[in-house]
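Q: build the 3D model from these lines:
(one chain, ligands or ions: 1)
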Amino acid sequence: MHYQKAKYLLGAAKISQLPADEGIEVAFAGRSNAGKSSALNALTQQKSLARTSKTPGRTQLINVFTLDEGARLIDLPGYGYAKVPEATKLLWQEELSRYLQERQCLRGLVLLMDIRHFLKDTDQQMLVWAHEVGLPVHCLLSKSDKLKQGAKSKALLQCKKQVSELHPEASVQAFSSTKKHGLDQLLAKLDAWYAS
Ligand code: GDP
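A: Purely as a prediction, here's the structure:
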């Protein structure tokens, strides 16, 4: 897959505004500040690809990027965003769970979590939803450059253990957008999903 060809297609406030449910989608999700935009930029080698998702007031949108023919990259809204009213958060939870549970063309979910603060409640919820519908998940423990080797290995092991209790088939890796560490492993996972 040519990820550097990623192009912004549209922002959808509701599932009904998404493109037809065909082809293949892979979605990125994570709490605000987990490093999702940075990971998407590193993956696509575009400095500001995910900037659109960051425009104030547009955080609630599902952003859709096209890749090769029939393949799309989905940037789900950063959850746990403090400045969004509670009612909007609840609405979003519903849309998000519906997207994860009903979207037929969705082949996998990349879940971004800061390697120093993984598996918050909302992350656990995502894993449970995904497991319920048999959706594959790949956890990216972001900002791995912030930890020394020993602490990094320990966090990785601990996270793998906890993740497997919620979603036994989910995979976990350390990742650093800044240092581009773990990019090959991520690419291999995404390529496998897009080929599935
Ligand atoms: P998002 O809200 O999940 O899209 O998070 P961002 O990608 O905007 O990142 C949040 C903050 O973490 C920013 O200040 C980034 O510069 C920083 N950040 C993201 N990825 C990394 C990383 O791999 N290493 C380090 N050291 N900082 C990172």
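Q: isn't Ile115 right up against Lys152?
A: Yes. Taking contacts as C-beta atoms under 8 Å, Ile115 lies within contact range of Lys152: 6.8 Å. Bear in mind the C-beta positions are built from the backbone N, C-alpha and C, glycine included.
Q: who has more neighbours, the two?
A: Between Ile115 and Lys152, Ile115 has the larger neighbour count (other C-beta atoms under 10 Å), namely 23 against 18.
Q: now the more buried one. Nearest residue, chain neighbours left out?
A: Among residues not flanking Ile115 along the chain, Leu141 sits closest, at 3.9 Å (C-beta to C-beta, 6 or more residues apart in numbering).
Q: which of the three states applies to the one you found?
A: Using DSSP: H, G, I helix; E, B strand; the rest coil, the structure places Leu141 in strand.
Q: returning to what we had before: overlap in contacts of Ile115 and Lys152?
A: Counting by C-beta atoms under 8 Å, 6 or more residues apart in numbering, the shared contacts of Ile115 and Lys152 are Ser144, Ala174.
Q: least confident secondary structure element in this structure?
A: Least confident helix or strand of the chain, by mean pLDDT, DSSP states H and E, is helix 86-102 with a mean of 85.
Q: any idea of the mean pLDDT for the following helix or strand past it?
A: Following helix 86-102 in sequence order, the next helix or strand is strand 106-114 (DSSP states H and E). Mean pLDDT, strand 106-114: 98.
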